[in-house]
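**Student:** Here you go, sequence then predicted model.
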Amino acid sequence: MKVLIADQFEQIGIDGIAAAGCEVIYQPALADEQLAEALVSTKADVLVVRSTKVTEAMLAKASLSLIVRAGAGVNTIDVGAASRRGIYVSNCPGKNAIAVAELTFGLILALDRRIADNVIDLRAGKWNKKEYSKARGLFGRTLGILGFGSVGQEVARRARAFGMPVLVWSRRFSRDAAAAVAGLPDDIDDITIVKTPEDVAAGSDVLSVHLALASDTHQCVGASILNRLKPGSYFINTSRGELLDHAALADVVRNRGVRVALDVFAREPVSPVGDFSDPLINLPNVIGTHHIGASTEQAQEAIAAEAARIVRAYKETGKVPNVVNLATKTPATHMLVVRHRDRPGVLAHVFDHLRAGNLNVQETENVIFEGAEAAIARINLDGNPPADLLKTIERGNQDILSLYVVRI
């Protein structure tokens, strides 16, 4: 199995993939047309990327069967194009959660104590203890969290150490608070679940965003949420820049005195080093970092090890951990249940007649009875096989013991 790694990747991951018996092709500078050409020339079975974009054009002539995103989320990959070609897409969720949570609290502290402004003045030869002694402090202040996946949970755990009450809204929680609390991790039991993002914003002194980017979350943090923030409160985004209505955020900075810390922006340079410009970062009381939330050695090594585990599992079992693009429900409407002797050609006979009947097999499972003399096949179909077709199938092979159809 050939594995093309087209991004910066830790040695622990390269070694892990090689140890699984794979041929590793490490070309971290590949992108755009060069990546498309490399996919064709190498005939790679697996592609591992971090921030490199994977487009439909790249996949058109590739021989891939698996794409691994060495990070959380898959927004840099055309998942639809991969699905149409039967290519698994997998990622490494949760492996950078602690790193992002640590930066989140670093930014919260930086806002409260105005650390960046302190440093700028000191480097300019200015001493202003009078001004910078005006911090509010975090103890007893309420932290609001939008999104309660692995990162949001790690942020909540750290809030406890700072003595901060926590409000949470998550798409995963129902509006039944009791059911929501029942789904919380055992060590996070002192938070308050609220019904809407607006409710979180209204009740928070600090609002931190930890939502996944999807079609229904694009610019979901807009004026309706931001205008509910208290004057002078803090806003943090270490998730994705596309989640945010940046014009609405600029408005609350100017008119409500909201302090902002961002690790992600609407338009970021494609390369690790480059020129950068964003109107938000030039506003007073706005600070930023260079999209470094997941960029600790601990996090990158954990992600690399997880990517290697995914590749190893696929090579050794054919199954893909963390796969994101399998259908949760197929178009199947009926299940054909075939009880048969475990002999060669039985299922081929069944499938040939289903094809002749223009019935598509969506899923199939063949379970062997003890002794391996008989089996039962469950075949999900996109239609109801007519009675005469069933009779033809049953009578056409002496190893078929019985069959029937179940509507699903």
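**Tutor:** Noted; the coordinates are in hand. Just so it is clear, the structure is predicted and the values come from calculations on it, not from any experiment.
**Student:** Show the subsequent helix or strand relative to the host helix or strand of residue 14.
**Tutor:** According to DSSP states H and E, residue 14 maps onto helix 11-19. Downstream of helix 11-19, the first helix or strand assigned by DSSP H and E is strand 23-26.
**Student:** If you count neighbours, what's buried in that following strand?
**Tutor:** Buried residues in strand 23-26, counted by 16 or more other C-beta atoms under 10 Å: 24, 25, 26. The C-beta positions use only the backbone N, C-alpha and C, and glycine is treated the same way.
**Student:** dump the residue contacts of residue 62.
**Tutor:** Listed by C-beta atoms under 8 Å, 6 or more residues apart in numbering, the contact set of residue 62 reads 36, 39, 40, 44, 47.
**Student:** related to what we said a few turns ago, rounded mean pLDDT for the helix holding residue 14, please.
**Tutor:** Mean pLDDT, helix 11-19: 97.
**Student:** re earlier: top of the contacts of residue 62 by number of neighbours, please.
**Tutor:** Neighbour tally across these (other C-beta atoms under 10 Å): the maximum, 32 neighbours, falls on residue 47.
**Student:** Quick check: it vs residue 56, distance?
**Tutor:** Residue 47 sits 14 Å away from residue 56, taking C-beta to C-beta, to the nearest Å as the criterion.
**Student:** so what sits against both of those two?
**Tutor:** Counting by C-beta under 8 Å, 6+ apart, nothing touches both residue 47 and residue 56.
**Student:** The closest residue to residue 285 other than its chain neighbours - how many residues pack around it?
**Tutor:** Nearest residue to residue 285, sequence neighbours excluded (C-beta to C-beta, 6 or more residues apart in numbering): residue 259, at 4.5 Å. Residue 259: 20 surrounding residues under other C-beta under 10 Å.
**Student:** Would you list the phi and psi of residue 259?
**Tutor:** phi -90, psi 140 (degrees, to the nearest 10).
**Student:** quick one: contacts for it?
**Tutor:** Per C-beta under 8 Å, 6+ apart, neighbours of residue 259: 111, 232, 233, 234, 235, 253, 285, 286.
**Student:** Repeat that for residue 32.
**Tutor:** With C-beta under 8 Å, 6+ apart, residue 32 has these contacts: residue 53.
**Student:** mind checking how far it is from residue 213?
**Tutor:** Per C-beta to C-beta, residue 32 is found 22 Å from residue 213.
**Student:** swap in residue 317?
**Tutor:** 30 Å.
**Student:** Between the two, which is the more surrounded one?
**Tutor:** residue 213 (17 against 9).
**Student:** re the thing from before, for residue 387, state which of the contacts of residue 259 is nearest.
**Tutor:** Looking at those and their distance to residue 387, the nearest is residue 235, at 64.8 Å (C-beta to C-beta).
**Student:** Show me what the closest one is bridged to.
**Tutor:** residue 207, residue 260 (DSSP bridges).
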